[in-house]
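Asker: how would this look folded up:
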Amino acid sequence: STSGIAVSGRVGGGLVVAGERLRIVPGDEHATVKAVDSDGDALPWAGAGANVTLTLTGVAPVALGIGSVLCRAASAVPLATSFVARIIVFDVQIPITAGTSVSPRRGRPG
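Answerer: Take a look at the predicted model:
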């Protein structure tokens, strides 16, 4: 798109710079960062830990979704087909048994 698509999230590591090209994973789409914004202020870049809104161009909205990760193409986030997790459940209203379907969410302390 020419005007851009706005996405919000936290910079997990490194820097994001206006003008740079990023890969969207999962998938193999790419987008260009048109603008970086934090709390209504336009920024030339943002670093790890910053909550930002990025305006992206060159990508269709369907390529982005909740949980999409933007990264440099040269150092794309590896995808996993399986993982082992320690699950902590609070306020169980329905027993969880073998074969129960779950939807994992990434949490953070504090």
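Asker: now residue 7: phi and psi?
Answerer: The phi and psi values for residue 7, taken as degrees, to the nearest 10, are phi -130, psi 150.
Asker: tell me who's in contact with it.
Answerer: Counting by Cβ atoms under 8 Å, 6 or more residues apart in numbering, residue 7 makes contact with 53-54, 56, 64, 68, 70. The way it works is simple: take the backbone N, C-alpha and C, and place the C-beta from them, glycine included.
Asker: surely residue 46 and residue 11 touch.
Answerer: Yes. With contact defined as Cβ atoms under 8 Å, residue 46 reaches residue 11; the gap is 5.4 Å.
Asker: which of these two has more neighbours?
Answerer: Between residue 46 and residue 11, counting by other Cβ atoms under 10 Å, residue 46 is the more crowded of the two (22 against 19).
Asker: any idea how far residue 7 is from the most centrally placed residue in the chain?
Answerer: Among the residues of the chain, the one closest to the centroid is residue 69, at 3.3 Å (Cα atoms, centre = their mean). Per Cβ to Cβ, to the nearest Å, residue 69 is found 11 Å from residue 7.
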